[in-house]
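Participant: Here is a sequence together with a model predicted from it:
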Amino acid sequence: ILLVQGPLRGGKYRVNAGGSSQFLSGLLMALPLAGIDSILEVEHLASQPYIDLTLNVMESFGVRATHDNYKVFHIPGRQTYRARKIDIEGDWSGGANFVVGATMFGDLRLGPLWKDSLQADKAILEAVGRAGGSWAWGSSSQLKVYKAQNLQGLLHWRYTARELQAFTGLTGFSTRSPTGPLPCWKNIQKWEPTSIWKAIIW
């Protein structure tokens with residue numbers, strides 16, 4: 001049973017955001033409604049791009065907060081959110097599965113995924129490009145991914161075979177390379193696209 005008692009009070013707080021940026025995002029969105037100004041001292045921020053997304057959305061609804069290099073956030077209190085119509089972008093975390101799958105198994109057009117998105121998982125495009133894949137933007141939100149004719153291995157691996165197996169739930173990390181264990185191609189072909197994406201580490 002979780003009991004929550006309000007109202008939320010502004011003030012000075014210290015937040016450990018190493019496990020998830022969602023705790024920090026929640027406070028950033030809620031504290032502008034407090035009766036006094038707030039200061040958040042942040043340690044171990046895990047996902048800066050998602051904090052940028054949070055601040056952008058807040059600003060679009062008329063609420064602001066500033067920061068000192070993501071270490072200290074200054075949040076004026078007594079603010080008011082103003083309703084408005086906005087476009088909601090697609091999820092790059094989910095789209096990354098299809099990007100990897102298309103690179104390995106066949107051309108695919110997908111969207112809406114914003115070309116100028118701040119989401120961290122948009123980096124999958126750079127990762128696939130390094131592995132020999134290619135893509136093209138049909139518009140600002142429609143992406144065409146092409147099947148790679150000659151993948152140059154998946155990517156750079158920074159973990160041991162045992163760690164990769166525990167992380168992905170997959171086996172087949174038997175081929176050695178100077179940068180660490182690489183999966184055999186015959187094993188990769190048996191993997192589902194979602195599992196492949198989980199295995200990509202750079």
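Facilitator: Everything's here; your move.

Participant: Could you report the neighbour count for Arg109?
Facilitator: 12 (other C-beta atoms under 10 Å). Just so you know, the C-beta spots here come from the backbone N, C-alpha and C atoms, and that holds for glycine as well.

Participant: And for Val145?
Facilitator: As a burial measure, the neighbour count of Val145 was computed by other C-beta under 10 Å and equals 24.

Participant: Keeping just the C-alphas, turn whichever strand or helix holds it into CSV.
Facilitator: When elements are assigned from DSSP states H and E, Val145 belongs to strand 143-146. Taking Å, rounded to 0.1, in the frame of the first residue of the first chain, the C-alpha atoms of strand 143-146 are listed here in CSV:
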residue,chain,number,x,y,z
LEU,A,143,12.0,7.0,-42.2
LYS,A,144,12.9,4.5,-44.9
VAL,A,145,15.4,1.8,-43.7
TYR,A,146,17.1,-0.5,-46.2
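
Participant: and that strand, average pLDDT?
Facilitator: With pLDDT averaged residue by residue, strand 143-146 scores 94.

Participant: Okay, buried residues for that strand please.
Facilitator: Neighbour counts using 16 or more other C-beta atoms under 10 Å place Leu143, Val145 of strand 143-146 among the buried residues.

Participant: Distance of Tyr50 relative to Leu27?
Facilitator: Tyr50 sits at a distance of 14 Å from Leu27 (criterion: C-beta to C-beta, to the nearest Å).

Participant: Compare these two and say which is more crowded by neighbours.
Facilitator: Each of Tyr50 and Leu27 has its neighbours counted (other C-beta under 10 Å); Leu27 has more, 21 against 18.

Participant: just checking, what packs against the helix or strand harbouring the more buried one?
Facilitator: Assessed by DSSP H and E, Leu27 sits inside helix 22-30. With contacts taken as 3 or more C-beta pairs under 8 Å, 6 or more residues apart in numbering; DSSP states H and E, helix 22-30 sits against strand 12-16, strand 38-43, helix 48-60, strand 72-75.

Participant: Quick one: closest of these to Gly90.
Facilitator: Between Gly90 and these, the shortest separation by C-beta to C-beta is 13.0 Å, and it involves helix 48-60.

Participant: Neighbouring strands - and their directions - for the helix or strand following the closest one?
Facilitator: Per DSSP H and E, helix 48-60 leads on to strand 66-68 as the next helix or strand towards the C-terminus. Paired strands of strand 66-68, with direction, are strand 72-75 (antiparallel) (DSSP bridges).

Participant: C-terminal to the strand it pairs with, what's the next element?
Facilitator: Along the chain past strand 72-75, the next helix or strand (assigned with DSSP H and E) turns out to be helix 92-105.

Participant: Give me the buried positions along that following helix.
Facilitator: Applying a neighbour-count criterion of 16+ other C-beta under 10 Å, the buried positions in helix 92-105 are Trp92, Gly95, Ala96, Asn97, Phe98, Val99, Val100, Gly101, Ala102, Thr103, Met104.

Participant: cool, stretch 84-92 as well?
Facilitator: Residues Glu89, Gly90, Trp92 are the ones in stretch 84-92 that count as buried (16+ other C-beta under 10 Å).
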